[in-house]
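K.L.:
Next one to model:
(one chain, ligands or ions: 1)
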Amino acid sequence: MPTLYRHAAIAHATGPDLVLEQSVLVDGDVIQWLGHDDDASEPGAETDIIDAAGAAIVPGMVDAHSHLTGPGGAQWVTRFDDPTDVLLGVAEDNGESALRAGTRWFRDVGAPRRDDRALSLTVRDAWIGRRDRPYVRAAGTWIAKNDVLPSSICVEAADADALVAAVQQQIDDGADLVKLYLDGPDKDTSPWTAAEIERVTNLAHDQGVAVTAHATVLPGARAGVAGGVDCIEHGSRLDADLVQDMAARGTYVVPTLAVLASWASFGDTTSMERFTDPDNRSTIAERTDVAYESVRLARTAGVKIAAGTDFGGGSARANQMAWEVECLVAAGLEPHEALASATWVGGDLLGEPDAGRVREGGPADFFLVHGNPLSDPSALWRVWRVS
Ligand SMILES: [Zn+2]
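P.N.:
Numbering: from 1, shown residues only. A predicted model of the protein is given here:
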């Protein structure tokens, strides 16, 4: 049955202003028509009419840094050791709760390997064609230099040849993108040189596969950008030279600021020393300051910033994109810029022109909130309904 939403505002997130008095006709999960209320044709008797007066339509969000098989929370790392059937159940819960909170796309950037394949790829394939789950693009598993990550969750590479082979293996497994881990065993040195990373980016790009890189410190981020990765994940410490280089090359950053905000909250909600110890609390606060400053540098230089919660692989939960948008605003983005990061900029990062956009002829992937998310990101918590 067709559905006609009337009298809504639309937050396209391409500028600071809502478009008012809009009608949207949806049929067959496609936006058949969109325009001013006065220009809408008379609905047929079969049409389900929804009076959306007072609500704002928001494009379905793109969580550009997610780990759909992890539950998040203060013990997010240990949870990855849970049995496979438990993690598959977590993925279903995550998909359901994220969708209800307005997230329509997961860009999954790392899942544990089970039965010789990253679990995220199994979930992605199972969700194809389901309207009640987010669309997924997944990186397979993390690829790290030996002795950086627990070998139970990643693919380890001892040298550059092994790195190249590991990347090809992920692509052969069906990964949509490839995730390198560029924090090294030694934090002052990138685990791979720019030339070694370039071998990987050339190999992947020749096969139409993007490469992204976890980098929370400068050496890995510098080598990754110089080596041609498409995106830096976290980018918690960037400098003025690096952001210039990223802007010139078109390298994205996904800052994942909600991770640090959630750690700060665990100082109150847990008795875990990692979060409660006064020294650790100060370290978290200092890291937050540096991460916010990095976002400001990136914004000023014109780097493309996509929003991601890091849920599952970090401590946020799957239905908390609103928190990430609030953090981006706290770091210095205008609210409409932060919503762009959470919608169509993430779509561009994925190379998906329909993701994060509401337009005639496009998929009916939107949600409705109370309040103006172009001026107040907290409106994103007030989800009324999902299309
Ligand atoms: Zn992550």
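
K.L.:
for the helix or strand containing E196, packing partners?
P.N.:
Assigned by DSSP states H and E, E196 falls within helix 194-206. On a contact count with 3 or more CB pairs under 8 Å, 6 or more residues apart in numbering; DSSP states H and E, helix 194-206 meets helix 160-173, strand 177-181, strand 210-215, helix 218-226. Just so you know, the C-beta spots here come from the backbone N, C-alpha and C atoms, and that holds for glycine as well.

K.L.:
helices or strands up against the helix or strand hosting L34?
P.N.:
Take DSSP H and E as the rule and L34 turns out to sit in strand 30-36. Strand 30-36 sits against strand 19-27, with contacts defined as 3+ CB pairs under 8 Å, 6+ apart.

K.L.:
And the contacts of the helix holding E196?
P.N.:
160, 163-164, 167-168, 171, 177-178, 180, 182, 210-211, 213, 222-224, 226-230 (CB atoms under 8 Å, 6 or more residues apart in numbering).

K.L.:
Just want the angle from that helix to helix 160-173.
P.N.:
Computed by axes from the mean of the first three to the mean of the last three CA atoms, to 10 degrees, the angle separating helix 194-206 from helix 160-173 equals 20 degrees.

K.L.:
Which residues belonging to helix 194-206 are considered buried?
P.N.:
Applying a neighbour-count criterion of 16 or more other CB atoms under 10 Å, one finds A194, E196, I197, E198, R199, V200, T201, L203, A204 buried in helix 194-206.

K.L.:
Please name the residues that touch the spatially closest residue to the third one that is not a sequence neighbour.
P.N.:
Once its chain neighbours are removed from consideration, I197 has its nearest residue in G227; the separation is 2.7 Å (CB to CB, 6 or more residues apart in numbering). Residues counted as contacts of G227 (CB under 8 Å, 6+ apart) are W192, T193, A194, A195, E196, I197, E198, V200, T201.

K.L.:
Model confidence at G227, what's the number?
P.N.:
Per-residue confidence (pLDDT) for G227: 98.

K.L.:
tell me, how many neighbours does D81 end up with?
P.N.:
By the criterion of other CB atoms under 10 Å, D81 has 12 neighbours.

K.L.:
looking at this, it is in a helix?
P.N.:
No. Counting by DSSP: H, G, I helix; E, B strand; the rest coil, D81 is located in no helix; its state is coil.

K.L.:
Am I right that it is in contact with S152?
P.N.:
Yes. When contacts are counted by CB atoms under 8 Å, D81 is listed as touching S152 (7.0 Å).

K.L.:
could you pull out the strands for the stretch 251-387 of the chain?
P.N.:
Using DSSP state E, counting those that start in this stretch, the strands of the stretch 251-387 of the chain run over 252-254, 366-370, 383-386.

K.L.:
Can you say which of those strands is packed in most?
P.N.:
Across these, averaging neighbours per residue (mean count of other CB atoms under 10 Å) puts strand 252-254 on top, at a mean of 28.

K.L.:
just to revisit the earlier point, may I see the strands of the stretch 251-387 of the chain arranged in a markdown table, with distance to R296 as well?
P.N.:
Shown next, in a markdown table, are these (distance: least, CB to CB, whole Å):
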| stretch | distance to R296 |
| --- | --- |
| strand 252-254 | 12 |
| strand 366-370 | 27 |
| strand 383-386 | 29 |
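
K.L.:
closest one to E42 among those?
P.N.:
strand 366-370 (23.0 Å; CB to CB).

K.L.:
Number of residues surrounding the nearest residue to G267 once chain neighbours are set aside?
P.N.:
Nearest residue to G267, sequence neighbours excluded (CB to CB, 6+ apart): F275, at 4.6 Å. For F275, the tally of surrounding residues (other CB under 10 Å) stands at 20.

K.L.:
same thing with G208?
P.N.:
G208 - counted by other CB under 10 Å - has 9 other residues nearby.

K.L.:
Where do the helices of the protein begin and end?
P.N.:
For the chain, the helices defined by DSSP state H cover 76-79, 84-100, 119-127, 160-173, 194-206, 218-226, 240-249, 258-269, 273-276, 278-301, 321-331, 335-342, 344-350.

K.L.:
neighbouring contacts of stretch 218-225?
P.N.:
180, 182-184, 187-194, 197, 213-215, 232, 235, 237-239, 242, 245-246, 249, 251.

K.L.:
try 6 Å this time
P.N.:
For stretch 218-225, the external contacting residues (CB atoms under 6 Å, 6 or more residues apart in numbering) are 182-183, 189-190, 194, 197, 213, 215, 232, 237, 242, 245-246, 251.

K.L.:
who in this protein is up against the ion?
P.N.:
The chain comes close to the ion at residues D310, G313, as judged by CB under 5 Å from the ion.

K.L.:
Quickly list the domain ranges of the chain.
P.N.:
Here the domain assignment for the chain is 3-59+357-386, 61-350, based on automatic domain parsing.

K.L.:
ranking these by burial, who's on top?
P.N.:
Taking mean count of other CB under 10 Å, domain 61-350 is the most buried of the domains of the chain, at a mean of 21.
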